[in-house]
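Undergrad: Kindly return the folded structure for what I paste below:
(3 chains)
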Amino acid sequence: MAKKEKKEEEEPRIGVFICHCGSNIGGFIDCKEVAERAKKLPHVVFTQDNLYTCSETGLAAIKKGIREHNLNRVVVASCTPRTHEPLFRACIEEEGLNPYLFNFVNIRDQDTWVHQKVPDKAFIKANDVVRMGVAKAEKLEPLDKIIVDVTPTALVIGGGVAGMTAALNLSNQGFETHLVEKDNRLGGRLNGLYKLFPKDQESSELLDALKKKVENNPRLKVYTSATVKNIEGFVGNYEIEVEQGKNIIPLKIGCIIVAVGTSLFTPEGYYGYDGEKRITQSQLEVKLKSGTLNENEIVMIQCVGARIEERKYCSNVCCMTALKNALIIKEKNPNTHITILFRDLYTPGSYYEEYYRKAREKGIVFIYYNPEKAPKVEKDTIKVFNEYIGEEISIPYDLLVLSVPLVANAENKALAQMLKVPLEENGFFLEAHVKLRPMDFATDGVYLSGSAKWPVDITESITQGYAAASRASTILSHNTLEVEGATSSLPEYNKALCTGCEVCITVCPYKAISKNEDDEIVITQVLCKGCGVCGATCSNHAIVIRHFTDEQIMAEIDAFGGK
Amino acid sequence: MVRKLGDNSKSVVVIGAGIAGIQAALDLGDMGIKVYLVEKEPCIGGRMAQLDKTFPTLDCSICILAPKLSECYRHPNITLYTLAEVQKIEGSAGNFTVEVLKHPRYVKEGVCTNCGDCGSICPVRGVPNFFDADLVTQSAAQIAFPAAVPPVYRINPDVCLYLNYGICGLCYQNCGADAIDFTQKEEVIPVENVGAIIVATGVDLAENIHTLNVYGYQKYDNVVTAMEFERLICASGPQQGHLKTLTDGRTPKKIAFLQCIDSRNDRTQDYCSSVCCMYTTKEAMVAYEHDNELESYVFYIDLRAGGKGFQKFLLRGAEEYNIKYIKSKISHIEVDENQSPIITYENLESAEIKQMRFDLVVLATCIIPSLSNEKIAKILGIDLDKNRFIKTDPFFPIESSVPGIYTCGCAREPMDIPRSVAEASGAAARAAELVKGG
Amino acid sequence: MSFEPKILGFLCNWCSYAGADLAGVSRVQYPPNIRVIRVMCSGRVDPAFIFKGFEVGADGVIVMGCHIGDCHYLEGNYEAEKKFAMVQKFLKLIGMDNRIRLEWVSASEGARYGAVVTEFTEHIKSLGPAPTGSDNPDQTMLTKLKAIKVAASGERMRELVGRQRKITEEENVYGEKTDMETFLKIFNSAIVEEFERAQILISLGEDRKSVKALAVELQIDPSIVLGHMTILKARGQVDFGEIVGITPMFQRI
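TA: Below is the predicted model:
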């Protein structure tokens, strides 16, 4: 292991405080004796037992200890670091010590509380873990919080409803925002829609209102027919190149929001799709918008190309789209016969379920089909096995409408590589955590919203647009970004050890490690979360995991062995 | 990450500290905005804290929630008021004044060490714990669950002998930390210069307002609600996750999960609860992991699984966890001489009337709006929809009917955790616009 | 007095340490033999920590992390699993692989934490003291354990572990992918080779020894020892010292 050129350091002077926690610890073991024994450990210059070390009295005792005995390391043996470490760290900091020169020893939750019937053994354990804690404390080093500057500017990629919403919100929060759209106009999929469920309001109404706000916002700059060409840097400090026609526009950006939306599946080879008599819902909307729909016998089939072996997912919006278009047709011409062949009707929540009821009331016929006995499309009729009556029925049609899923954009892959973020198996962007970080990527500073992540309706696109803006704002709202100092590092004195094997890059889940132009390993401190996997993997022990260094843990293990 | 308080003079009040309220508060706090988080229960975490695992990843709910709870508790920009409610507001968007009523806990926060000595000495017994779906009882000195945040006990004034009759006081004598304080009184805390308010009151469940007798609930002991089942299979629940029937302690080998209980129904709630198809599958999976001989039957109308990875989750359930999905309508439930429920149902795929015997029946009961919604709506002056959820517009999903008052999560419509978290961030973004004066 | 094993536990901060605390809050009782070292992630557990634990007298070592899929750091526990698999293979060479354990314990599994610790403690009790442990450790075994530590800490093993996922899950520049079976073949032979090489290095110590002498001492086929010497020479770890008669003597550099 690496020899470290130790800078001149003062001799460790450790103070150990043993907490009785009322009778929770003191009722089982002799805390005074634990403190006495700790006094004999190397570098320990002061020990004390307190009724409640976390009380104001206890904290004052720690401060007094630091002052009177010139302590430069503090160990508290008490409940658990998970709840009380921040309190004690703050306490020693108030007395001028670096907060990382504190070590917590657990003698309650993992000792007296779990060995109540064998207090003598709990006592031995307490002495052992205090010894281990002191051994680690001796090796502790002061750490500084890491601070980087933040450019208070956002880049939103994709000018659909999610992207526009995010960009608007960020500029209303006061941040300069750049919105890049690959099409020659804003709006994304809204441009192709006629009316919107569940209010049946024209799509252009919503779109025009949004566009107006976007165009009138002084802090919001829109680039249409433009794409992001290059992305360098990290959270707070991105350098971006946007290509618009022949121009390359350089931007300095703090956070990036991905809102590139989604594409429609083309049902080639499904149910005799021909784009004329057998069309998609989207093609139906064009007909509705232009008023060229004359057909009277309409059949819709749901889940065309979705929930099948090669595309297992449900596309979320197709049932509502079918209901919407069916209701629009019924509204115009109540005599039209509309049959919807479905597998599971997807109308969750209160608004959509009500819409479904409305559709049933208007006389739209719903027939369940089993995918194993899929409908058969003939020239003018559809044959479907009606499970309920147990026989095949024929439905005449003059227009067949196929509900097809939204699929991931083909360009996602290139963008994902540029951003160093992952895609999931269907080609949609993959968030950091399905539940608790739905708008984040594992990489800090890059956020996700709308159908780029997963097919969603307008309502969810709007909430997700706001949500991604909120996440970005948690970074952009500050001039600087401060992160905990307990991260991994490749210290100067270890650089010679690095062989450039790159296993650290492979195992880092946060893309915090990379190689610079000189082919040297660089750890971007703000991206590191301190898990320590790189250090445990590093093929030549060059990486140091601060606050959990090899040296510190080895000292603990030695102390475990009684040394 | 370390956050500083920005120079915003205005703050935000968040009502409800379930996962939605917590997320909204954390986002705002991280933006450097002062937040007052008001929760009516003694602890934060809401419904998510009660869950064993979560779909579609099957990760442990409290494992992923706990770090957020403590972050919220410690956040320098978040002031947390538990056992508290908003009782009055004045002003308008950008400049509200809010009055918070804080009920006494009778235990001093910051002094209590969560050791439980008060709870063990308290002579009052048999107080049902809402957190364990009332399946477990406590004393009058109580904490909802061991990892609750704040990690502080509470004396329940409804049942405490000292507070009601002036006798006892054993907890006071037994507490080594001197944390018990019977002199605490109700406190009115005015919060001024509030830029925006976020309502995240979450949900209650159909069993809170309805006896569900039609489905044999409360009539037969082997008919339980999904929330009760959740606690029964939870590692930290009343049976440490080893599922047993409540009648004779048998390990159930065949479980029926009935969907849409009191929802999508003309007589009760007509809407869809959105999450039951998924959590039912999860519950059946977790139960199967404890016992590989288990057979589960899900009786459903439509399987609704539109979220990311949801369809694959259902497929896994059918292929790997011995779950059978039956498109059906339930006729009625009775029990045999062993108290085993027998379900009569119509199979909608074959149009046959059939019967099946089970060891346990689990009811996926309808998610209903928080019972506090009506009161809170009145205080805030916001509209509710016909189902008593907070009224929103599909294209203004975060805005309530009053400018400056936002909502998110199940307060406005039933939804799953990912969506609640996303909406919470969304509400935070809207509130931030107002606070920052945009 | 009955045998009281010394057990060392490495617990990740987010799940298993929280689970251990919950066991406390719930007053779950379990044997008092375990001493815990807290790390942020089970993936932080360097294989050397485990060997070191045995070196200083542990009778059993247990590593605990979040359940697969629940890792606070996304996939640190996968990394822990791979490192642990290597440790296990090495310890098998000296018959001590049954003294280590990798368990997933979540923050809600207080009772399970207690059960796992109880079961592991009982298991180690039934095995008796580790040959490397107690007050009077078996010196041969200790030497072998040291050799294992050297082997596992070497660049080759660490690179193989670090690259495993990349090698088996991604294609190389030629569009080829190594399947798990091929990888394991390479991996398993690397374990044996590096163990033997580490034994050679330790045996050489300050001395000069011939291939034949080493072969007899370590009970390895002379041709294999010679092969190792070629590699160790290429790595710059050994070199010819003098030639006695026609026999070259090797020494460490």
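
Undergrad: and the closest residue to A:Ile553 other than its chain neighbours, how many neighbours does it have?
TA: The shortest distance from A:Ile553 to any non-neighbouring residue, by Cβ to Cβ, 6 or more residues apart in numbering or on different chains, is to C:Phe49 (6.0 Å). The way it works is simple: take the backbone N, C-alpha and C, and place the C-beta from them, glycine included. In terms of burial, C:Phe49 registers 23 neighbours under the definition other Cβ atoms under 10 Å in any protein chain shown.

Undergrad: quick one: the strands in the stretch 201-350 of chain A?
TA: If DSSP state E, counting those that start in this stretch is used as the criterion, the strands of the stretch 201-350 of chain A fall at A:201-202, A:220-223, A:226-234, A:237-244, A:247-253, A:255-258, A:263-264, A:278-280, A:297-301, A:337-342.

Undergrad: so which of these gets nearest chain C?
TA: Across these, chain C has its closest neighbour in strand A:226-234 (17.7 Å, Cβ to the nearest Cβ).

Undergrad: just to revisit the earlier point, if you compare the strands of the stretch 201-350 of chain A, which one is most tucked away?
TA: Burial among the strands of the stretch 201-350 of chain A, expressed as mean neighbours by mean count of other Cβ atoms under 10 Å in any protein chain shown, is greatest for strand A:255-258, which shows a mean of 28.

Undergrad: Can you identify the element that follows the helix or strand hosting the residue nearest to A:Ile553 toward the C-terminus?
TA: Counting by DSSP states H and E, the element that carries C:Phe49 is helix C:47-55. Reading on from helix C:47-55 to the C-terminus, the next helix or strand found by DSSP H and E is strand C:60-65.

Undergrad: Now that next one: average pLDDT?
TA: In this model, strand C:60-65 has an average pLDDT of 97.

Undergrad: just stretch A:434-451 next, same as before
TA: When pLDDT is averaged over stretch A:434-451, the result is 92.

Undergrad: gap between the two ends of it?
TA: End-to-end distance of stretch A:434-451 (Cα to Cα, to the nearest Å): 15 Å.

Undergrad: wait, does it make contact with chain B?
TA: Yes: for stretch A:434-451, a contact with chain B is found by Cβ under 8 Å from any Cβ of the partner chain, at A:434-439.

Undergrad: The residue nearest to A:Ile553 contacts A:Glu556, doesn't it?
TA: No: applying Cβ atoms under 8 Å as the test, C:Phe49 and A:Glu556 come out as separate, 9.2 Å apart.

Undergrad: joint contacts of the two?
TA: Among the neighbours of C:Phe49, those also in contact with A:Glu556 (Cβ atoms under 8 Å, 6 or more residues apart in numbering or on different chains) are C:Ile37.

Undergrad: The one residue in the stretch 1-150 of chain C that gets nearest to chain A: how many residues sit nearby?
TA: When scored by Cβ to the nearest Cβ, the stretch 1-150 of chain C has C:Val56 as its residue closest to chain A, at 2.5 Å. Close neighbours of C:Val56, defined as other Cβ under 10 Å, add up to 18.

Undergrad: need the contact list for the closest residue to it other than its chain neighbours.
TA: Excluding its sequence neighbours, the residue lying closest to C:Val56 (Cβ to Cβ, 6+ apart) is A:Gly561, at 2.5 Å. Shown in contact with A:Gly561 (Cβ under 8 Å, 6+ apart): C:53, C:55-58.

Undergrad: Quick check: phi and psi on the closest residue to B:Gly46 other than its chain neighbours?
TA: In space, not counting the residues next to it along the chain, B:Gly46 is nearest to B:Gly18; the distance is 2.4 Å by Cβ to Cβ, 6+ apart. Geometry field for B:Gly18 lists phi and psi as phi -80, psi -170, criterion degrees, to the nearest 10.

Undergrad: Please look at B:Gly18 and B:Arg47 and confirm they touch.
TA: Yes: with contact taken as Cβ under 8 Å, B:Gly18 and B:Arg47 are classed as touching, separated by 5.9 Å.

Undergrad: Spell out the secondary structure type for the residue most central in space within chain C.
TA: Within chain C, the residue whose C-alpha comes closest to the C-alpha centroid is C:Val87; the distance, by Cα atoms, centre = their mean, is 2.7 Å. Counting by DSSP: H, G, I helix; E, B strand; the rest coil, the backbone at C:Val87 sits in helix.

Undergrad: hang on, isn't it packed against C:Met96?
TA: No: counting by Cβ under 8 Å, C:Val87 sits too far from C:Met96 to count as a contact (10.0 Å).

Undergrad: Is A:Glu372 in a helix, a strand, or coil?
TA: Classification of A:Glu372 using three-state DSSP returns helix.

Undergrad: Just list the residues touching it, thanks.
TA: Listed by Cβ under 8 Å, 6+ apart, A:Glu372 has no contact partners.

Undergrad: Repeat that for C:Leu232.
TA: With the criterion set at Cβ under 8 Å, 6+ apart, C:Leu232 makes contact with C:197, C:200-201, C:238.

Undergrad: what secondary structure does it sit in?
TA: Taken by three-state DSSP, the conformation at C:Leu232 corresponds to helix.

Undergrad: what separates it from chain A, distance-wise?
TA: Remark: distance between C:Leu232 and chain A (Cβ to the nearest Cβ, to the nearest Å) = 17 Å.

Undergrad: Give me the pLDDT for that residue.
TA: The predicted structure scores C:Leu232 at 93 on the pLDDT scale.

Undergrad: swap in C:Gly241?
TA: The predicted structure lists C:Gly241 with a pLDDT of 78.

Undergrad: Go through stretch A:522-542 and flag the buried ones.
TA: Of the residues in stretch A:522-542, A:523-542 count as buried by neighbour count, 16 or more other Cβ atoms under 10 Å in any protein chain shown.

Undergrad: cool, stretch A:550-563 as well?
TA: Within stretch A:550-563, the residues that qualify as buried by neighbour count (16+ other Cβ under 10 Å) are A:550, A:552-561.

Undergrad: Within range of chain C, give me the residues from the stretch 51-200 of chain A.
TA: A:80-82, A:106, A:108-111, A:113-118, A:121-122, A:124-125, A:128-129, A:132.
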